[in-house]
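J.: generate a structure from the sequence data that follows.
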Amino acid sequence: MDRKFLQDLGLEKEAIDSIMAEAGKEKNEFLAQIGTLQSEKNELDKKLGGFKDYEDIKKQLEDTKAEYEGYKKSTTAENEKHTQALNSLKLSHAIALAVEREHSIDATGFKAHLDESKISLDENGKLVGYEEQSKAIHENQPYLFNAQNKPSGAPSGNMNPSGNRELTWSDAIDAHYED
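T.: Numbers count the residues shown, from 1 in each chain. Model prediction:
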């Protein structure tokens, strides 16, 4: 509103001042509202800018998830491979220890008669399928075992070539050193 316009209408100066003061208040209120709205607009623009970044972040997240899944599959395969290698090593050592306990004169020959594909370890670490094969090797390949290697308390049989009497351990040792 303009003062000249109000004067042309024939209003008194006091009325014009009153009208102008009231119009100034309203104008200031509107300017304050405009300032508030402008601030809100600026904040919303910043948030909107964040939503533009959201798409980039979302793509990065999807890429990271895909990369993680790839590593997860790779790690799972590696763990499985290492677990199989460890189990194979445990089985191999358990078989070697069992073969050593057989007191065979030819451990390599004894082991050659084992079908290791039919031997496994149970959850307690005990060999499964070994005992049956060991018994069969003892029965079918007795040449792999020396009678002296079998645990016993005293020698059996007649050790005296002449057949006159049974030899004792001390007689056998004395006879051995006389030669």
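J.: what sits against Ala15?
T.: Leu6 (Cβ atoms under 8 Å, 6 or more residues apart in numbering). In short, each C-beta sits where N, CA and C put it, glycine included.
J.: quick check: which element contains it?
T.: Under the criterion of DSSP states H and E, Ala15 resides in helix 13-101.
J.: chain center to that helix, what's the gap?
T.: Taking Cα atoms, centre = their mean, to the nearest Å, the mean C-alpha location of helix 13-101 is offset from the chain mean by 27 Å.
J.: got the buried residues for whichever helix or strand comes after that helix?
T.: Later in the chain than helix 13-101, the nearest helix or strand by DSSP H and E is helix 107-112. Buried residues in helix 107-112, counting neighbours by 16 or more other Cβ atoms under 10 Å, are found at Phe110, Lys111.
J.: show me what secondary structure element comes after helix 107-112.
T.: strand 120-121.
J.: got a pLDDT number for Tyr177?
T.: Note for Tyr177: predicted pLDDT of 72.
J.: count the neighbours of it for me.
T.: 7 (other Cβ atoms under 10 Å).
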